[in-house]
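Chemist: need a 3D model of the sequence below.
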Amino acid sequence: QVQLVESGGELVQAGGSLRLSCAASGRTVSSLSMGWFRQAPGKEREFVAAISRTGASTAIADSVNGRFTISRDIGKNTVYLQMSGLKPEDTAVYYCAADPRTWAGTGTYNYWGQGTQVTVSS
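Modeler: As a prediction, the model looks like this:
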């Protein structure tokens with residue numbers, strides 16, 4: 001069983017930066033494909049970013065491309081979402097997800113965290 005715990009969400013002004021963390025336990029992040037998703041009030045959950053099990057491949061949603069990056073620290077068993085140039089429309093609960101496949105990308109994931117709230121004020 002994999003447990004995922006997100007942290008780092010907070011209230012930030014537009015144009016600011018945040019780094020979200022996703023600490024994994026139960027399996028190493030090098031054995032998992034990892035992803036970040038977000039859900040704004042009244043909207044469906046949407047894909048934000050993903051990194052493959054090997055770490056060699058990443059994907060970023062068009063809406064955040066150039067502003068967000070995904071990375072991982074194997075030693076800390078943690079995946080990060082670095083966010084810059086934040087906009088009010090980035091306001092959402094951000095979820096970390098994991099899957100044992102080599103590449104889950106924008107698809108389904110087996111394991112999910114509880115989410116962390118990011119609020120961007122204008």
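
Chemist: chain center to stretch 47-64, what's the gap?
Modeler: 9 Å (C-alpha atoms, centre = their mean, to the nearest Å).

Chemist: mind checking which helix or strand the residue most central in space within the chain is in?
Modeler: Centroid-nearest residue in the chain, with C-alpha atoms, centre = their mean: Trp36, separated by 2.6 Å. Assessed by DSSP states H and E, Trp36 sits inside strand 33-39.

Chemist: strands paired with that strand, and their directions?
Modeler: Strands that pair with strand 33-39, judged by DSSP bridges, come out as strand 46-51 (antiparallel), strand 92-99 (antiparallel).

Chemist: identify the residues contacting the longest one?
Modeler: In other words, strand 92-99. Applying C-beta atoms under 8 Å, 6 or more residues apart in numbering, the external contacts of strand 92-99 come out as 2, 4, 6, 9, 20, 22, 24, 27, 29, 32-40, 43, 45, 48, 79, 81, 104, 108-118. Glycine gets a C-beta too; all of them are placed from N, C-alpha and C.

Chemist: what average pLDDT does the helix or strand following that strand get?
Modeler: Going down the chain from strand 92-99, the next helix or strand is strand 111-112, by DSSP H and E. Throughout strand 111-112, pLDDT has a mean value of 98.

Chemist: so how far is strand 111-112 from its chain's centroid?
Modeler: Relative to where its chain is centred, strand 111-112 has its mean C-alpha point 12 Å off (C-alpha atoms, centre = their mean).

Chemist: picking up where we left off before, can you tell me what sits against the strand holding Trp36?
Modeler: Outside strand 33-39, the residues within contact range by C-beta under 8 Å, 6+ apart are 20, 22, 24, 45-53, 70, 72, 79, 81, 90, 92-106, 109, 115, 118.

Chemist: Asp73 and Val79, how far apart?
Modeler: Distance, Asp73 to Val79, by C-beta to C-beta, to the nearest Å: 8 Å.
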